[in-house]
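Participant: Need the 3D shape of this:
(chains A, B and C)
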Amino acid sequence: MSAVAANSSWRHLKYVATENPVTLAAFLMFTGFVLMALVGPWIAPYDPLASDTAHALRPPSARNWFGTDSLGRDILSRIIVATRLDFGIAVCAVAASFALGAALGALAGFFGGWTDRIVGRVSDTIMAFPLFVLAMGIVAALGNTVANIILATAIINLPFYIRVARAEVNVRRNAGYVEAARLAGNSDLRTLALHVFPNVLPPMMVQISLNMGWAILNAAGLSFIGLGVRPPQAEWGIMVAEGATYIISGEWWIALFPGAALMLAVFTFNLLGDGLRDLMDPRTRT
Amino acid sequence: MSLLEVKDLTLEFRTRSGTVRALENVGLTVDKGETVGIVGESGSGKSVLSYAAMRILDPAARITRGSVHFAGQDVLAASEHDMQQVRGREMAMIFQSPRTALNPIRRAGRQIEDVLRVHTTTLRSDLRKRAIEALAQVRIPDPERRYQAYPFELSGGQCQRVMIALALACDPQLLIADEPTTGLDVTTQAAVMALVSELARARGMATVLITHDLALASEYCDRIVVMHAGHVVEEAPTAELFRAPRHPYTARLIASTPTPQKSVDGLSSIPGNLPDLRRADLPSCRFLARCERALESCASQALPDVPVAAAHRVHCFNPL
Amino acid sequence: MSPVLECVELKKHFAVGRASRLHAVDNVSFAIGAGESVGLVGESGCGKSTLVRLVTRMLDPSAGDIVYRGRNIGFIPARVFAATPFRPKIQMVFQDPSDSLNPRHTAFDAIAEPVRRLGNGKPVAPQVEQAARKVGLPGELLPRYPHQLSGGQKARVGIARAIALEPDLLVLDEPTAALDVSVQATILKLLAQLKRDLGMSYLFVSHDLNVVRMLCDRVIVMYLGRIVEQGPAQAIFDAPAHPYTRALIQAIPSVGGRPEGRELLPGEPRSPIDPDPRVCRFFGRCPKQVDRCQKEAPLLRELRPGHFVACHFA
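Facilitator: Numbering: from 1, shown residues only, chains lettered A, B, ... in the order given. Coordinates of the predicted model:
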């Protein structure tokens, strides 16, 4: 990318971020989360796995900002470290889902015919199951590992991307610039990949962002019921599960803080969606 | 008293990229029974003017000056309830792209009945009959069958006729036709315009024809108002306008319209582009940058209203 | 000398439902000579869009031949046509510049695309700049995106893109329909000048007959998939022989024209689905119809040298 183009991309990023304060807030929070994911283990005040039964079930204090859980582990440390795992799962699952789903949907939307029918039936089959139950089934069948959570989340998410990509490509299929691309000597596949698909990306960005939040919730949900992440690993869902049993006895902080982290992460992704779409859409460039 | 009177109307739109000064000091009068053409290119504000007259502007619009009076009533000050009595009954509008202007999931006949039900005291049992009559009046062949049709089953010309039937169902005093034939075939255009003008004549209805097609306006309008970038630049009776245009823009517009007699080399063009209406530093005359007769006063002094001949006015410091 | 393009008994039918067929283009034959500008007029549903897609080889014919400089290109399937050396020779300018430019590509990219895909490996930038110069597009506009360009500028980009590889035949599909009148004049002059300078042939599709008259040597009038009249532009406009052509020309509004004397066409066009081959396609709307018109569909015959009409009464 030439210096001029890189410069204008940076300027465009600044414009999008500053034009809408909500977008700016979302970018900042997202950056915060990413930083936590990257350097979490180093900035956590305590070892997230170290149990210290002498200080078990302590409410938030100067020593433990978010309190401690039943094994005396510092909740704040566990939340920080869990960021990497939760984000990692969400990013991998969404990336895989997007890559495959968008490709299938785009092919179905562009070529129609049998491609469309087959992709449609695959998508319908997945959607015929209650999605969370299907995820549970996949993890239960293939084994209780993090990799399988990622796989399960990716699979149940496919119809979503297939549908969006198919619809967006279908709308643009007969646009003038698509015919112009053919006249310029592009094969159908090239036209789809290089001319149509880049125009489909902006609307898909919003979907991806919303989806990230959903993927985190999904992973947390699976861990909550005991599938996927095993103790003593720190993960927000598992922490909420552990804390759920203690709410009645009054130790509210064990479930609240991981729950709040989850909520904030999903919220960030939702807000980020609009900003990402503006970033990708050349029409909002001045 | 004129039927529609717009005076000094100034309005702007607040958008993400700035405030668009869409109309400035626009005046328009339409008398009972006459057909007035508003001619201008894209961005001239002709459609916005008509939406202001019916008070169906986008909420981002802000009217900063001026007044609109319809049949003596102050449109801008009226309540929404009062406006709803007027719209469709006294003042009606037909739009471009007739197929998209009709409700795609309601049958044509039903849509006409909707208008009758809201604005007239027609008995329920008579609604269908009157709707079919309305369709017959706009010369739709086989109106009984077309009553049942959905818009997608009708051709572009037929959809436009249905829209005309909708607009005329309550015998309005004023019909605003916003580019009613753009996108229609030229033979269909001829039929639709003939229909509108015949119905207007028969009912003594005033018509405002908004179009970018000068030739079309010349054939059907008694008077023509020429707009450019949110200003009215000239208005005159039709024959007079074409015989002796006084505003440089009008003259250029006429000279760049293809006719059977002209060759390509004989076509004139207008250099430059429309000014960006979001700018704060717009000159008084927005045609300044493209005009070869520009004077110093054109940039700063308020545009004059120069009466050139009977009913012929031009807003220019240096008219032809 | 062989014509640049020749269509021989070209037909395109689309299947409708299980048994019916829509005759979009029905037995169309015409030729375009080198440097000749042929206008194609007709209203919606006449088949000109389909014909354009056949000529530019974006669509395969159901029957008939498309011949480019003596070589039959109709047999080459549309899917692989892009890979043949004929692709750069037949190019098109689209109707709506806003729709035909990829919103994510700059003007430079748009013009460079055919050069990159179909060019001969020579440096791309000089060719793009040269094409831009020919259409009067200032170089500083090349890095801009379509939404940053005016209607006229976008139209120029579309033309530059089409002529970048110096095609023999340029198909123009209503190139000025989406433009304001003042801009249209500039683009029309540009097209006339390019025709003179580059010696291309034009197939100029338009519903605006005044524009066609200005730029075209010959005119083809289509109705419901068939050619009803074709001949020199002057002859068609001054002495139209087919009743449809007459109605079409009469319907054009003109300054100072009187709408009252017009002959308006009643009704709607006949259905193009499974049309009865014995009935004239214009029967039902024609001011002059007799029984013969529904027993024997008229064929194109030469009325005067170079002027053909399909009507029993011409």
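Participant: got a list of contacts for stretch A:21-39?
Facilitator: Contacts with stretch A:21-39, where a contact means C-beta atoms under 8 Å, 6 or more residues apart in numbering or on different chains, come from A:16-18, A:43, A:80, A:83-84, A:87-88, A:264-265, A:267-269, A:271-272, A:274-275, A:278. Every residue, glycine included, has its C-beta placed from N, CA and C.
Participant: please redo it, this time with the cut-off set to 7 Å
Facilitator: Residues from elsewhere that reach stretch A:21-39 (C-beta atoms under 7 Å, 6 or more residues apart in numbering or on different chains): A:16-18, A:80, A:83-84, A:87, A:265, A:268, A:271-272, A:274-275.
Participant: give me every residue that touches residue 210.
Facilitator: The chain I'm using is chain A. Residues touching A:Leu210, when contacts are defined by C-beta under 7 Å, 6+ apart, comprise A:Phe269, A:Asn270, A:Gly273.
Participant: wrong one, I was asking about chain C
Facilitator: For C:Asn210, counting by C-beta under 7 Å, 6+ apart, the contacting residues are B:Pro258, B:Thr259, B:Pro260, C:Ile252.
Participant: what distance separates the helix or strand containing it from the centre of its chain?
Facilitator: Assigned by DSSP states H and E, C:Asn210 belongs to helix C:209-215. Computed by C-alpha atoms, centre = their mean, to the nearest Å, the separation of helix C:209-215 from the middle of its chain amounts to 13 Å.
Participant: immediately after that helix, which helix or strand?
Facilitator: Remark: after helix C:209-215, the chain's next helix or strand is strand C:218-223, criterion DSSP H and E.
Participant: show me the contacts for the residue nearest to the spatial centre of chain B.
Facilitator: For chain B, the residue nearest the mean C-alpha position is B:Ile210 (3.0 Å; C-alpha atoms, centre = their mean). For B:Ile210, the contacting residues are B:Ile38, B:Lys46, B:Ser47, B:Ser50, B:Ala177, B:Asp178, B:Glu179, by C-beta under 7 Å, 6+ apart.
Participant: again, only using 8 Å
Facilitator: B:Gly37, B:Ile38, B:Lys46, B:Ser47, B:Ser50, B:Ile176, B:Ala177, B:Asp178, B:Glu179.
Participant: Would you check which pair of those lies furthest apart?
Facilitator: With distance counted by C-beta to C-beta, no two of the contacts of B:Ile210 lie farther apart than B:Gly37 and B:Ser47, which are 13.6 Å apart.
Participant: Who has more neighbours out of these two?
Facilitator: With other C-beta atoms under 10 Å in any protein chain shown as the criterion, B:Gly37 and B:Ser47 differ in neighbour count, and B:Gly37 comes out ahead with 27 against 18.
Participant: did I read that right, the more buried one in a strand?
Facilitator: Yes - using DSSP: H, G, I helix; E, B strand; the rest coil, the secondary structure at B:Gly37 is a strand.
Participant: pretty sure C:Arg117 is in contact with A:Ala184, am I right?
Facilitator: Yes - with contacts defined as C-beta atoms under 8 Å, C:Arg117 counts as touching A:Ala184 at a distance of 5.1 Å.
Participant: more neighbours, those two?
Facilitator: In terms of neighbours (other C-beta under 10 Å), A:Ala184 is the more surrounded of C:Arg117 and A:Ala184; the figures are 28 against 18.
Participant: what's the closest non-adjacent residue to the more buried one?
Facilitator: Take A:Ala184 and drop its neighbours on the chain: the residue closest to it by C-beta to C-beta, 6 or more residues apart in numbering or on different chains is C:Pro114, 3.8 Å away.
Participant: Okay, now the unreliable bits of chain C?
Facilitator: Counting by pLDDT under 70, chain C contains low-confidence ranges at C:1.
Participant: again, only this time at 80
Facilitator: Within chain C, the stretches falling below the threshold (pLDDT under 80) are C:1-2, C:256-258, C:260-261, C:266-268, C:289, C:314.
Participant: Which helix in it has the most residues?
Facilitator: helix C:181-198 (DSSP state H).
Participant: so how far is it off the chain centroid?
Facilitator: Taking the mean of its C-alpha atoms, helix C:181-198 sits 16 Å from the chain's own mean (C-alpha atoms, centre = their mean).
Participant: who's in contact with the residue of the stretch 101-250 of chain A found nearest chain C?
Facilitator: Chain C sits closest to A:Gly176 of the stretch 101-250 of chain A, with a gap of 2.9 Å, by C-beta to the nearest C-beta. For A:Gly176, the set of contacting residues under the criterion of C-beta under 8 Å, 6+ apart consists of C:Phe94, C:Gln95, C:Asp96, C:Asp99, C:Ser100, C:Leu101.
Participant: Adding secondary structure and neighbour count, write those out as a markdown table.
Facilitator: Formatted as a markdown table, the contacts of A:Gly176 follow (DSSP: H, G, I helix; E, B strand; the rest coil; neighbours: other C-beta atoms under 10 Å in any protein chain shown):
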| residue | secondary structure | neighbour count |
| --- | --- | --- |
| C:Phe94 | coil | 26 |
| C:Gln95 | coil | 22 |
| C:Asp96 | coil | 19 |
| C:Asp99 | helix | 18 |
| C:Ser100 | helix | 27 |
| C:Leu101 | coil | 27 |
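Participant: And the residues you listed, which is closest to C:Asp26?
Facilitator: The shortest gap between C:Asp26 and any of these belongs to C:Gln95, at 23.5 Å (C-beta to C-beta).
Participant: roughly how far apart are the closest one and C:Glu43?
Facilitator: Summarising the geometry, the distance separating C:Gln95 from C:Glu43, computed by C-beta to C-beta, to the nearest Å, is 15 Å.
Participant: One more: B:Tyr150?
Facilitator: Computed with C-beta to C-beta, the distance linking B:Tyr150 and C:Glu43 is 23 Å.
Participant: likewise C:Gly151?
Facilitator: C:Gly151 sits 24 Å away from C:Glu43, taking C-beta to C-beta as the criterion.
Participant: got it, and C:Val211?
Facilitator: For C:Val211, the distance to C:Glu43 (C-beta to C-beta) stands at 15 Å.
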